[in-house]
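Engineer: using only what follows, build the 3D model:
(chains A, B, C and D)
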Number of protein chains: 4
Amino acid sequence: MRRWTLKAGATTVEGLVLEDVPMPVPGPGEVRIRVRAVSLNYRDRLVLQGFPGMRLLERDLVPVSDGAGEVDAVGAGVETWRVGDRVTPYFFKNWHDAPPTEVDYGLGGHDTDGMLAECVVLPASRLARAPESLDFAETSTLPCAAVTAWNALHGGRPLGPDSQVLVLGSGGVSLFALLLARAAGARVFATSSQDDKLRRMISLGAREGVNYRDTPDWGRAIFERTGGVDKVIDVNGTSSLPQSLTAIRPGGEVALVGLMSLEDAPSVATQVLFKGATLRGIAVGSTKMYDELSRVIDQHRIRPPIARTFRFEDARDAYRAQASPELFGKIVIAL
Amino acid sequence: MRRWTLKAGATTVEGLVLEDVPMPVPGPGEVRIRVRAVSLNYRDRLVLQGFPGMRLLERDLVPVSDGAGEVDAVGAGVETWRVGDRVTPYFFKNWHDAPPTEVDYGLGGHDTDGMLAECVVLPASRLARAPESLDFAETSTLPCAAVTAWNALHGGRPLGPDSQVLVLGSGGVSLFALLLARAAGARVFATSSQDDKLRRMISLGAREGVNYRDTPDWGRAIFERTGGVDKVIDVNGTSSLPQSLTAIRPGGEVALVGLMSLEDAPSVATQVLFKGATLRGIAVGSTKMYDELSRVIDQHRIRPPIARTFRFEDARDAYRAQASPELFGKIVIAL
Amino acid sequence: MRRWTLKAGATTVEGLVLEDVPMPVPGPGEVRIRVRAVSLNYRDRLVLQGFPGMRLLERDLVPVSDGAGEVDAVGAGVETWRVGDRVTPYFFKNWHDAPPTEVDYGLGGHDTDGMLAECVVLPASRLARAPESLDFAETSTLPCAAVTAWNALHGGRPLGPDSQVLVLGSGGVSLFALLLARAAGARVFATSSQDDKLRRMISLGAREGVNYRDTPDWGRAIFERTGGVDKVIDVNGTSSLPQSLTAIRPGGEVALVGLMSLEDAPSVATQVLFKGATLRGIAVGSTKMYDELSRVIDQHRIRPPIARTFRFEDARDAYRAQASPELFGKIVIAL
Amino acid sequence: MRRWTLKAGATTVEGLVLEDVPMPVPGPGEVRIRVRAVSLNYRDRLVLQGFPGMRLLERDLVPVSDGAGEVDAVGAGVETWRVGDRVTPYFFKNWHDAPPTEVDYGLGGHDTDGMLAECVVLPASRLARAPESLDFAETSTLPCAAVTAWNALHGGRPLGPDSQVLVLGSGGVSLFALLLARAAGARVFATSSQDDKLRRMISLGAREGVNYRDTPDWGRAIFERTGGVDKVIDVNGTSSLPQSLTAIRPGGEVALVGLMSLEDAPSVATQVLFKGATLRGIAVGSTKMYDELSRVIDQHRIRPPIARTFRFEDARDAYRAQASPELFGKIVIAL
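Structural biologist: Numbering: from 1, shown residues only, chains lettered A, B, ... in the order given. Below is the predicted model:
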C-alpha cells in the first residue's frame, strides 16, 4: 500500500514523501477504508507550513483530514459497518454533540494520521455514512470544510428563511456556507476582491456581491443594503472583524472561522458590547453536525464545487494548486 | 416638583443641580409616575464622567435609568395603566423581543431624561409592572442592573440546572447574576479582590470564590475546579477577557457586560476560535427579559441586595457612595 | 360608509346585510383604515354557521378577520402610523409573543367587529405593516391563514433545511404551509382527494402527493417514502389524527390546526405515547409570528395563491364560493 | 451465577424463577457488569402482567431495566470502560440524541434480557457512568424512572426558573419530576389521593398539593392558583388528560408519560386546539438525557427516594411491594 508522509520538520511540499508500507489490519472495533478521494483545505497547508507561533511537526505524519472511500475490512466486534459501505471520517475523535473538554487536533494533524493514503484504518465510531447523492470526489470535501460551514450557520443562533447571511471570500468554507444557507432559505451576500468570483457566487445563489477592494468599508455597505445581516461567516479571522461587526444587525452573530490571519485582534470588544453582538469561534464541528449536513446535501442535491482533480501521484501539485489566488472550488485528489 | 438636572458639560457630581419645575402633564398615550425610589448604576457614573472617547452631555439631562413609583395620572387613550399601579420604566424605548436596528442610549442618558425626579412622564408602553414581592426601593434596582444580569444569563445559550456560571466581582450586575443563576439551579463561582466579599457572595449562594489578587491566573483555577464553566459574566470588559476565556469549557460563553475598561482588547480572537467559544455583548436587555425577570423575582422571592439608602436631597452623596470600592449591594435614593 | 353586518342568530349568508353607517372617527391611540381587500377563511364560515356545540352570534357583527388597507386617519397620541401606510390587522388582541392567559375570539368573531367594511377603526397596536412585495389583495390573505401556517411550521420544534413536512389537503392554511415550508428548505409532501390538486401542489413546490381516496392508509404510505416526516400540518382535526401520527417519525410533531371535524377524538394518546410524538394545537398565532412571516414573504417573494376575486357588493357570493369543494386558493373581496 | 428468569407466558410473580447459569463472557465490544442493585418500575409489572392488547412474553426473559453495578470484565476492543467502573445501563439500544426510526422495547422487555441477575453482559456503548454522589441502590433507580422524568421536564419546551409544573401522584416518575423540576428552579404542584403523600411531597419541595379525591376538578383548582402551569407530568395517561389540559396555561405542555390507563382517550383534541396546547408522548428518553440527568444529580445532590430494599432472593416480594397503593419511593433489590 502507498501513502504520502509529511516528514517531521517539513515546511514545504518537498517534505511530502510517497512511501510503500504494508497493508494495515483493522483491530477490534476498527475498520479499514480503501480511500477513493481526498480533498485539501487551507488547514492542510497550515499543517505543512506550521501555524505562526506553533511548533512544526515532531513526527512523520500522513496528512489531510478530508477523504472518502469504501470499507474493505472490519475488525472484531464491529457491527455498524460492512464491506462496501461508502464512508467519510469525522474530523474530531470525540466531539459528538456537546463539545469535549479535551479538544484534539483533528485527523491529519499533529499526531493523528490522516487520509492521504490508499488505505487507512480508523475506529468504527469515527466513520460517517457518505451522502447518497454524492460521488467519492464530492464526498471527500465534507469532513472539514462543509462541517465548518454547517457549524458556522447552524451551530449557534438558529438560521431560517428570514435570515440574511454574509460570506467573506470564495474559499471552500465560504462556498459551502453560501450553498447551505441558500438551502435554509436565507438571503446570502458575498464579498471578494475579484468581480468574476462575485459573479460565480451569484450564479450559485448569492443575491449580491461587494468587491472589498473597491469598497473598503464593505461592512457599512452591506449594513445599508440589508439593515444588518444576521450572520457573517468570517474566514479571515481577526483582520476583517471590525467590518464584519459593522455588517451585522444588533444582536447578530459573527462566526469566526478564520485561521488566515492571526495578528493581534483589533479592539472589537467595544463593538461587540454596544451592538449586543455574538462572536462565536468555529473549529470544524461535531459528528452530529456532519450527520445533519449529510441529510441536507441529499435532500437539496447540493453539489460541492470542485475546481480541479489530481492523481494520487501528483499530490504535491495538488497542494500547490490549493494555494492559488485564482482558486474557486475544492482541490481533489482521486485514487 | 423637584428634579435633579445634570448640566451640559458636567463631569463631577457638582454638575448635579436640584431644580423646581412645574408638574408635567401626561399627553395622549402617556403616564405620569410619582417616583418612590431610584437606584444608581456604574453606568450613571459614566453618564456623569463621560465615557472615554465619547462626548460629554450636550444638553441638560435628568439622569438615572433605574427607578420605581406609582402611576398618579394617565393621558388620553391609556388603557393599560391605572392610578396607583406600581411600575418601573423599561431601560430602552423600542427593544421588545428582537433587538431593534436603531439602538437608543437608554433612559437617563444622552438626550432622554431619566428618573431622578419627584415625578416623570413616560409613554405607557415604556412601563413595566413592578414585581409584587418587592418594595419600591428593591424594585428600583431592576431596570438596568437586573435586566443586564438576566440577559447575560438567559439571553444566549439556555441556562439550566446542570450549568456552571462564573461571576466577576460583586457589583450590582454580578450580585444579580449570582442570585438569578442560583434560581435557575446553576452552580455559581465568584471572584473578588476582597475575601470578605467572597464570603458574602458564598452566603448569597455562590459555591466557591477565588481572590483574583492572590490567584492572578484565576481563569485556570476555575477551569480546574469545574472542568470549564458554561458562562462567565464578565463585567470588566476587555481586561479580564483572556482569563474569562480560560475559565469556560469548550463551546462556553462569555457574556461581555463590561463598560469598566475600554482599553484595547487583547488578542482574544485566537482563544475564541480554538475553544469554539461565544463572546456575547450585553447592553442591558429587552422588555421581554424584564417581564421574565419580574416573574422569577416573585417566584423565588429574590431580594435585591441594597447597601445604603439616601434621601432625595442627598443625591450627590449617593453618587459618591456608588463609587466606593467597599460597596457591596445597590445604592438607593428613596423619595 | 358601507359595511356588511352579520345579524344576531344568522346561520346562512342571507344573514349578511349591507348597511350604510356614519364614518367612524379614531379616538386616542386608534387608527382608521380604508379597507382595500378582505379575504375569507373556513373560520368565517364557522362564525356564520356556528360551531358545533357553541352558541350562535348574540349580537350583530361585522365579520371577517383578514383584510388589508391604508391608514387614512390617526387618533391622538399615535406615533407609529401615518396616513397612507399599508397595513393589516393582527388576528388577536393581546398575543404578542407568549400566549396570553385570556384568549380572545379574534377579529370578526364573537363580539369583535372585523374587516368586511369600507373603513374600520382599530387600536394602533393591533396593526401590522403590510409586506412590501404584495398588493392589497394578496396582503389581505395573511392575518389568519398565513399566520396559522407559520405557527404550525415554526411555532414549535424548529423547522430547517433537513425537515420533511406533510400538508393535508389544499385549503388556505395548507397552501401557505407548503409555500412557507419550501422557503425554509423543507421537503414537502401533500395529500388530496383530487389528482389535479396534487399536480398543482407539486407545481407550487411539493415533492410528491398522495391521493387519500386511492390510498386510505396514506399515513403509512408517507412514512414509507420518508422514514417519517418531522411535521404534519393537520387541518382536519381529529378525523385524520391516527394517520397523521402514523406519518411522522418518532419524536415528530402533528400541528393540529383543524376545526373541520370536531367529532370525538379517536384513541390517539397511545400512538402519541409510544412514538414520543408531539401534538400541538394551533389557533392562529402571535403578532411576532406575523412579523416574521411578513419578512419571509418579502424575502422569498412568496405570492399567496388567489383563486377568485369578488366585488364588495357580492360578498354573499364570495362566501358561497369559499365553500366550494373545487376551491384551490383564496377567495378575495376587493374594494 | 444466579439470575431471575420470567418464564414465557408468565402473568404473575410465580412466573419468576431463580436459575443457576454459567458466568457469561463478554465478546468484542462488550462489558460484563457485576450487578449491585436493581430497582423496579411500574413498567416491570406490565412486562410481567402483559400490556392490555399486547401479547404475553414469547420467550424466557431476564426482566428489569434499571440496575447499577461494577464493570468486572471487558471484551476485546473496549477502551471506554475499565474493571471497577461504576455503571448503569441505558434503557434503549440506539436512542442517543434524535429519536431512532426503529424503537426497541428497552432493556428487560420483549426479547432483551435485563438486569435481574448477578452478572450481565452488555455492549460497551450501552453503559453510562454512575453519578458520583449516589450509591448503587440509588443509582439503580435512574435508567427508566429518572430519565423519563428528565425527558418529560426538559425534552420539549425548555424549563426554567419561571416555570410552574404539576406532577400527578407520587410514583417514581412523579417524585423524580418533583426533585428535578425543583433543581431547575421551577415551582411545583402535586396531586394525590392521600393527604400524607401530599405532605411528603411538600417536604420534598412541592409548593402545594391538591387531593384529587376531595377536588375532582383539580385541573381547574390548579389553574386558578397558578394562572395555568407550564407543564403537567401526566403519568396516568388518558384518564386524566382533560383535567391536565385544564391545568395548563395557553400554550402549555402536557407530558404524557402514562401507561397506567389505556382506555379510549376522551375528546382532548378540541382542548388541545383551542388552548394552543402541546401534548407530548414520553417513552423514557435518550442516552444524552441520561448524561444530563446524571450531571444534575451530582450538582444538586439529589437523592432518589428509596422506600424499601429487598434481598436478591426475595425478588418476588419486591414485585409485590411495588404494587402497593401505600408505596412512596422506589423499591430496590440489593445484591
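Engineer: okay, CA-based contacts and neighbour counts for the rest of this
Structural biologist: Will do.
Engineer: and A:Val257, what's its pLDDT?
Structural biologist: For A:Val257, the pLDDT comes out at 87.
Engineer: er, A:Asp214 I mean
Structural biologist: In this model, A:Asp214 is scored at 96, pLDDT.
Engineer: got a list of what A:Pro26 touches?
Structural biologist: Listed by CA atoms under 8 Å, 6 or more residues apart in numbering or on different chains, the contact partners of A:Pro26 are A:Arg32, A:Ala73, A:Val74, A:Gly75, A:Val121, A:Leu122.
Engineer: part of a strand, is the first one?
Structural biologist: Yes: with DSSP: H, G, I helix; E, B strand; the rest coil as the criterion, A:Arg32 is located in a strand.
Engineer: so how far is B:Gly84 from whichever residue of the stretch 201-335 of chain A sits closest to chain C?
Structural biologist: Per CA to the nearest CA, A:Val296 is where the stretch 201-335 of chain A lies closest to chain C, at 4.9 Å. Shown here: A:Val296 relative to B:Gly84, a distance of 57 Å by CA to CA, to the nearest Å.
Engineer: with neighbour numbers in mind, choose between the two.
Structural biologist: Each of A:Val296 and B:Gly84 has its neighbours counted (other CA atoms under 10 Å in any protein chain shown); A:Val296 has more, 22 against 13.
Engineer: dihedrals phi and psi, the more buried one?
Structural biologist: As for A:Val296, its main-chain torsions (degrees, to the nearest 10) stand at phi -70, psi -40.
Engineer: quick check: A:Tyr12 vs A:Asp60, distance?
Structural biologist: Check again: residue A:12 is Thr, not Tyr. For A:Thr12 relative to A:Asp60 (CA to CA), the value is 14 Å.
Engineer: same check, this time on A:Ala152
Structural biologist: For A:Ala152, the distance to A:Asp60 (CA to CA) stands at 32 Å.
Engineer: and for A:Lys231?
Structural biologist: Distance of A:Lys231 to A:Asp60, given as CA to CA: 39 Å.
Engineer: in chain A, which helix or strand is least confident?
Structural biologist: Least confident helix or strand, chain A: helix A:269-274 with a mean of 74, by mean pLDDT, DSSP states H and E.
Engineer: in it, which residues are buried?
Structural biologist: A:Ala269, A:Thr270, A:Val272, A:Leu273, A:Phe274 (16 or more other CA atoms under 10 Å in any protein chain shown).
Engineer: domain assignment for chain A?
Structural biologist: A:2-141+A:304-334, A:147-281 (automatic domain parsing).
Engineer: where does pLDDT dip in chain A?
Structural biologist: Within chain A, the stretches with pLDDT under 70 are A:51-56, A:101, A:103, A:258-268.
Engineer: sec struct for the residue of it most remote from its centre, please.
Structural biologist: Most distant residue from the mean C-alpha position of chain A: A:Ala76, 32.2 Å away (CA atoms, centre = their mean). Of the three states, A:Ala76 takes coil according to three-state DSSP.
Engineer: give the contact list for the residue lying closest to it once chain neighbours are set aside.
Structural biologist: Spatially, and ignoring its direct neighbours in sequence, A:Ala76 is nearest to A:Pro28 (4.3 Å; CA to CA, 6 or more residues apart in numbering or on different chains). Applying CA under 8 Å, 6+ apart, we find A:Pro28 in contact with A:Gly75, A:Ala76, A:Gly77, A:Val78, D:Pro28, D:Gly29, D:Ala76, D:Gly77.
Engineer: could you do A:Gly29 as well?
Structural biologist: A:Val74, A:Gly75, A:Ala76, A:Gly77, A:Val78, A:Pro123, A:Ala124, D:Pro28, D:Gly29, D:Gly77, D:Val78.
Engineer: which residues are in contact with the second one?
Structural biologist: Read it as A:Gly75. Here A:Gly75 is in contact with A:Pro26, A:Gly27, A:Pro28, A:Gly29, A:Glu30, A:Val31 (CA under 8 Å, 6+ apart).
Engineer: sorry, back to before: between A:Thr12 and A:Asp60, point out the one with more neighbours.
Structural biologist: More crowded of A:Thr12 and A:Asp60, by other CA under 10 Å: A:Asp60, with 19 against 15.
Engineer: so what's the more buried one up against?
Structural biologist: A:Thr5, A:Leu6, A:Lys7, A:Ala8.
Engineer: now stretch A:30-49 - C-alpha only, CSV.
Structural biologist: Output of stretch A:30-49 as CSV, limited to C-alpha atoms (Å, rounded to 0.1, in the frame of the first residue of the first chain):
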residue,chain,number,x,y,z
GLU,A,30,-11.7,-0.8,13.8
VAL,A,31,-12.4,-0.5,10.1
ARG,A,32,-10.2,-0.4,7.1
ILE,A,33,-11.2,2.1,4.3
ARG,A,34,-10.0,2.0,0.7
VAL,A,35,-9.6,5.7,0.0
ARG,A,36,-11.2,6.8,-3.3
ALA,A,37,-10.7,10.6,-3.0
VAL,A,38,-9.2,13.1,-0.6
SER,A,39,-9.6,16.9,-0.8
LEU,A,40,-7.4,19.7,0.5
ASN,A,41,-8.2,22.6,2.9
TYR,A,42,-6.3,25.7,3.8
ARG,A,43,-5.8,23.9,7.1
ASP,A,44,-3.7,21.3,5.3
ARG,A,45,-1.3,24.0,4.2
LEU,A,46,-1.0,25.2,7.7
VAL,A,47,-0.2,21.7,8.9
LEU,A,48,2.6,21.7,6.3
GLN,A,49,3.8,25.3,6.8
